[in-house]
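Student: task: produce atomic coordinates for the following.
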Amino acid sequence: MSTLGSSGEFKLLSDTEPLPALQLFDLPIIVRYLVALAMTAIATVVAVGLDSAVTIPNLSLVFVVPVLIAAVGFGLGPSLCSAILGALSYNFFLTEPRFTLRVDDPANIWAIGLLFVVGVIASAVASTARRRADDAALGRRQAAVVQSYSRDIVAADDAKAILSNAANALEALFQVPVVVMLMSEVSVDLVLRRGKIDLGEVDIEAARSSLTTGKVSVAGVYPFDTSRFDFWPVMTSAGGRAVIGLAFDPEERPTQPGTLVDIVRNLLALALDRQHLRPGSVGQVSA
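Tutor: Here you go, the predicted model:
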């Protein structure tokens, strides 16, 4: 059995533009809330400064700005936090009596309530728009990865290159540890790994079970409770047997990863069939 680690990232990762909103959303939750708090504090300073210099109607709208920014960059939770803090700051610093949370003028009560409602609605709309934009950008990136993978696997001239292209594509699509194995009846002939998770005996048994049953083996499910990989079998018409494994974080597992995995494994099966049918290809599938 031979193994090969990642020698470099899939080339499309460096060519495809990053998704800024997704990157901000991946920040630790405490960081996102602290940034939302800081933006609300800045809005408060700006509003107090404007109020002391000039008379501006609807000054409360200044507090909507950090709500929108937080919704687009950090998600619904931080944006709602910014909306609540903005309403409290407006009440404390800009309504009479100042520097208390008591409100004497009924008009100011309506203003504070309206600020909060506007902030909540704006945060929900902006957060939904951000998710849709990120989903569209992610879909375009995934399509580009699959397109590049289909070209690369056609050009691959041996089993190791074929499996390597599949591993690279899966790593680029899912950003999780990946293993692609070529297996015979009694042994594992070739393993291509991406990521830092090593294969254990239970993982090998789960992969073999997936090939035997022809079904997906899900991580953490009896009888392979301690397996960390989801395995998909790759069956070829020429009798070759390969398996794809993805080690998802249980808390961040995609809802339907099989759609993209099926594309990769179908192309992988075709490439292995073509390799088997090439003149002089006998024996090339083992390393």
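
Student: now do the helices in the stretch 1-150 of the chain.
Tutor: 11-15, 20-25, 29-53, 64-74, 76-94, 106-155 (DSSP state H, counting those that start in this stretch).

Student: so which of those helices is the most surrounded?
Tutor: Most buried of those by mean neighbour count (mean count of other C-beta atoms under 10 Å) is helix 64-74; its value is a mean of 23. (Each C-beta comes from the backbone N, C-alpha and C, glycine too.)

Student: for it, what is the average pLDDT?
Tutor: Here helix 64-74 scores 85 as its mean pLDDT.

Student: now the angle from it to helix 76-94?
Tutor: Here the directions of helix 64-74 and helix 76-94 differ by 160 degrees (axes from the mean of the first three to the mean of the last three C-alpha atoms, to 10 degrees).

Student: surely A83 touches V67?
Tutor: Yes: if you go by C-beta atoms under 8 Å, A83 and V67 touch, sitting 4.9 Å apart.

Student: rewinding a little: using TSV, lay out the helices of the stretch 1-150 of the chain together with distance to V180.
Tutor: TSV is the format used below for the helices of the stretch 1-150 of the chain (distance: least, C-beta to C-beta, whole Å):
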stretch	distance to V180
helix 11-15	18
helix 20-25	26
helix 29-53	34
helix 64-74	36
helix 76-94	37
helix 106-155	12
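
Student: so for A161, which of those sits nearest?
Tutor: helix 106-155 (8.3 Å; C-beta to C-beta).

Student: same for that closest one, what does it pack against?
Tutor: When contacts are defined as 3 or more C-beta pairs under 8 Å, 6 or more residues apart in numbering; DSSP states H and E, helix 106-155 packs onto helix 11-15, helix 20-25, helix 64-74, helix 76-94, helix 159-174, helix 258-277.

Student: wait, which of those is closest to S123?
Tutor: Closest of the helices and strands packed on helix 106-155 to S123 is helix 76-94, at 3.4 Å (criterion: C-beta to C-beta).

Student: now do the closest one against helix 106-155, angle only.
Tutor: Going by the same axes, to 10 degrees, helix 76-94 makes 150 degrees with helix 106-155.

Student: helices or strands up against helix 76-94?
Tutor: Helix 76-94 packs on helix 29-53, helix 64-74, helix 106-155, going by 3+ C-beta pairs under 8 Å, 6+ apart.

Student: distance to D225 added to those helices, as JSON lines?
Tutor: Rendered in JSON lines, the data for the helices and strands packed on helix 76-94 read as follows (distance: least, C-beta to C-beta, whole Å):
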{"stretch": "helix 29-53", "distance to D225": "30"}
{"stretch": "helix 64-74", "distance to D225": "36"}
{"stretch": "helix 106-155", "distance to D225": "31"}
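
Student: among those helices, which comes closest to Q256?
Tutor: Closest among the helices and strands packed on helix 76-94, once you apply C-beta to C-beta, is helix 106-155, at 12.4 Å.

Student: average model confidence for stretch 95-115?
Tutor: The predicted model gives stretch 95-115 an average pLDDT of 83.

Student: my read is that P250 contacts G220, right?
Tutor: Yes: P250 lies in contact with G220 (C-beta under 8 Å); the separation is 7.1 Å.

Student: between those two, who's got more neighbours?
Tutor: G220 (12 against 8; other C-beta atoms under 10 Å).

Student: check what pLDDT that one gets.
Tutor: Reported pLDDT for G220: 90.

Student: which residues touch it?
Tutor: Taking C-beta atoms under 8 Å, 6 or more residues apart in numbering as the criterion, G220 is in contact with 226-228, 250.

Student: hmm, 7 Å instead?
Tutor: Contacts here follow C-beta atoms under 7 Å, 6 or more residues apart in numbering; on that basis G220 touches S227.

Student: likewise F99?
Tutor: By C-beta under 7 Å, 6+ apart, the contact set of F99 is F92.

Student: picking up where we left off before, any chance of the helices and strands packed on helix 106-155 in CSV, with distance to G119 too?
Tutor: Listed next are the helices and strands packed on helix 106-155 as CSV, based on distance: least, C-beta to C-beta, whole Å:
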stretch, distance to G119
helix 11-15, 37
helix 20-25, 19
helix 64-74, 4
helix 76-94, 3
helix 159-174, 36
helix 258-277, 37
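
Student: comparing those, which yields the minimum mean pLDDT?
Tutor: Comparing the helices and strands packed on helix 106-155 on mean pLDDT, the least confident stretch is helix 11-15, scoring a mean of 42.
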